[in-house]
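Engineer: Starting from these lines, generate the structure:
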Amino acid sequence: MPEPVAVIDCGSNSTRLLIVDGSGRTLERAMRITRLSAGVDATGHLAPDAMARTFAVLEAYRALMDRHHVGAGMVVGTSAIRDATNRDEFVDGARRLTAIEVRVLDGQAEAEFSYDGATAGLATDDRATMIVDVGGGSTEIAVRHEGVLHAVSMQLGCVRVTERALGREPVTDERRRAAQAMIDEALDAAMASDPTFASTPGGVRLIGLAGTVATLVQLDRGLGTYRREAVHHQVLTRDTVQYWRDRLAVETPEQRLEHAGMVAGREDVLVAGLMVLDAVMGRVGVADLLSSESDILDGVAAWLLR
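Structural biologist: Just a heads-up that it's a prediction; the model follows:
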């Protein structure tokens with residue numbers, strides 16, 4: 001049987017690890033909030049303290065990999081890294097600390113791996129399956145139609161929208177309008193780039209990925225402690241998205257943290273993520289989505305084991 005492999009996702013807001021054995025069975029999952037993208041939208045480069053936070057987590061993940069005798073794997077970098085002028089510095093450091101391949105994904109590859117991970121093992125459906133992955137720096141949507149995967153990556157991550165438009169404190173009408181305009185502009189361009197996104201015949205089954213969706217499930221279910229089985233494959237209505245968007249918008253980050261299910265490190269950016277999620281649901285015309293805790297990590301792991 002092939003040796004275990006590891007996948008590390010260095011995202012804009014979190015750094016996550018998946019270790020699987022040669023048959024694809026999960027041996028380890030871990031997630032740490034590192035906010036690698038802090039300030040990237042404004043400065044164009046990864047801040048030294050953000051890289052230091054992430055490198056410390058990568059070092060800890062290497063120790064977990066050693067415990068499972070992992071020799072092969074891949075670190076994938078997404079929006080924050082691909083947008084940064086000093087990406088090579090980060091890539092070199094990540095390669096040195098993890099001793100595995102480091103690959104900076106473009107938006108298309110990110111969407112493809114996410115789609116493969118999220119849809120593996122799903123029951124069949126008469127509708128086309130679409131994913132929406134609301135990350136820290138970008139949001140990807142992808143749908144397979146007539147055997148072809150249509151995907152687009154938008155500069156609409158929850159950290160990016162927060163830093164550029166919404167702000168972290170209780171949301172003012174002016175800031176909300178600015179954030180909505182930013183979201184609408186990116187979605188207009190995405191929908192114009194490929195009519196499949198807005199007019200898939202028969203409608204779509206929407207699968208929601210990443211921290212915004214997972215945190216929303218925990219908030220709505222009042223889950224004070226994360227349990228994968230309680231978050232994975234849960235139905236969320238658009239009304240629920242809008243309820244929590246509006247409720248959290250009038251609170252401070254400290255007040256948001258008082259809700260059971262709020263994940264520390266997401267309290268200041270979740271409103272922006274929910275605004276993006278609601279806008280996507282509106283554009284593709286769905287009243288609910290299915291959460292998925294399987295995502296880019298699972299897609300890359302399956303690819304490595306082929």
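
Engineer: Could you find the closest non-adjacent residue to M154?
Structural biologist: Of all residues not flanking M154 in the chain, A186 sits nearest, at 4.3 Å (CB to CB, 6 or more residues apart in numbering). Any C-beta I mention is one placed from the backbone N, CA and C, and that applies to glycine too.

Engineer: check which helix or strand covers the one you found.
Structural biologist: If you go by DSSP states H and E, A186 is part of helix 173-193.

Engineer: quick one: that helix to chain centroid distance?
Structural biologist: Relative to its parent chain, helix 173-193 has a centroid offset of 19 Å by CA atoms, centre = their mean, to the nearest Å.

Engineer: helices or strands next to it in the packing?
Structural biologist: strand 148-154, helix 158-161, helix 270-284 (3 or more CB pairs under 8 Å, 6 or more residues apart in numbering; DSSP states H and E).

Engineer: Direction included, what does the helix or strand that that helix is followed by pair up with?
Structural biologist: Remark: after helix 173-193, the chain's next helix or strand is strand 204-209, criterion DSSP H and E. With DSSP bridges as the test, strand 204-209 is paired with strand 128-134 (parallel), strand 288-291 (parallel).

Engineer: could I get strand 204-209 in CSV with only the CA atoms?
Structural biologist: Once non-C-alpha atoms are left out, strand 204-209 reads as follows in CSV (Å, rounded to 0.1, in the frame of the first residue of the first chain):
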residue,chain,number,x,y,z
VAL,A,204,-28.1,23.7,-9.4
ARG,A,205,-27.4,21.9,-6.2
LEU,A,206,-25.1,24.3,-4.3
ILE,A,207,-22.3,23.0,-2.1
GLY,A,208,-20.8,25.5,0.3
LEU,A,209,-17.2,25.1,1.4
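
Engineer: neighbouring contacts of it?
Structural biologist: Residues from elsewhere that reach strand 204-209, judged by CB atoms under 8 Å, 6 or more residues apart in numbering: 114, 118-119, 122, 125, 127-134, 143, 236, 277, 280-281, 284, 286, 288-292, 295-296.

Engineer: how about a cut-off of 7 Å?
Structural biologist: By CB atoms under 7 Å, 6 or more residues apart in numbering, the residues outside strand 204-209 that reach it are 114, 118-119, 125, 127-133, 143, 236, 277, 281, 284, 286, 289-292, 295.

Engineer: for stretch 118-126, same thing?
Structural biologist: Stretch 118-126 is contacted from outside by T129, I131, G202, R205, I207, L209, S292, S294, D295, D298, A302, using CB under 7 Å, 6+ apart.

Engineer: Got the domain ranges for the chain?
Structural biologist: 5-104, 120-295 (automatic domain parsing).

Engineer: sorry, back to before: okay, angle between the helix holding A186 and strand 148-154 too, please.
Structural biologist: 150 degrees (axes from the mean of the first three to the mean of the last three CA atoms, to 10 degrees).

Engineer: quick one, helix 173-193 and helix 270-284 angle?
Structural biologist: Counting by the same axes, to 10 degrees, helix 173-193 lies at 40 degrees to helix 270-284.

Engineer: quick one, phi/psi of H69?
Structural biologist: Backbone torsions for H69, taken as degrees, to the nearest 10, come to phi 60, psi 50.

Engineer: can you pull the contacts of G135?
Structural biologist: Residues near G135 by CB under 7 Å, 6+ apart: G11, S12, T78, S79, G157, A210.

Engineer: I296 versus that one, what's the distance?
Structural biologist: With distances taken as CB to CB, to the nearest Å, G135 is found 9 Å from I296.

Engineer: end-to-end on stretch 207-227?
Structural biologist: From its first residue to its last, stretch 207-227 covers 19 Å (CA to CA, to the nearest Å).
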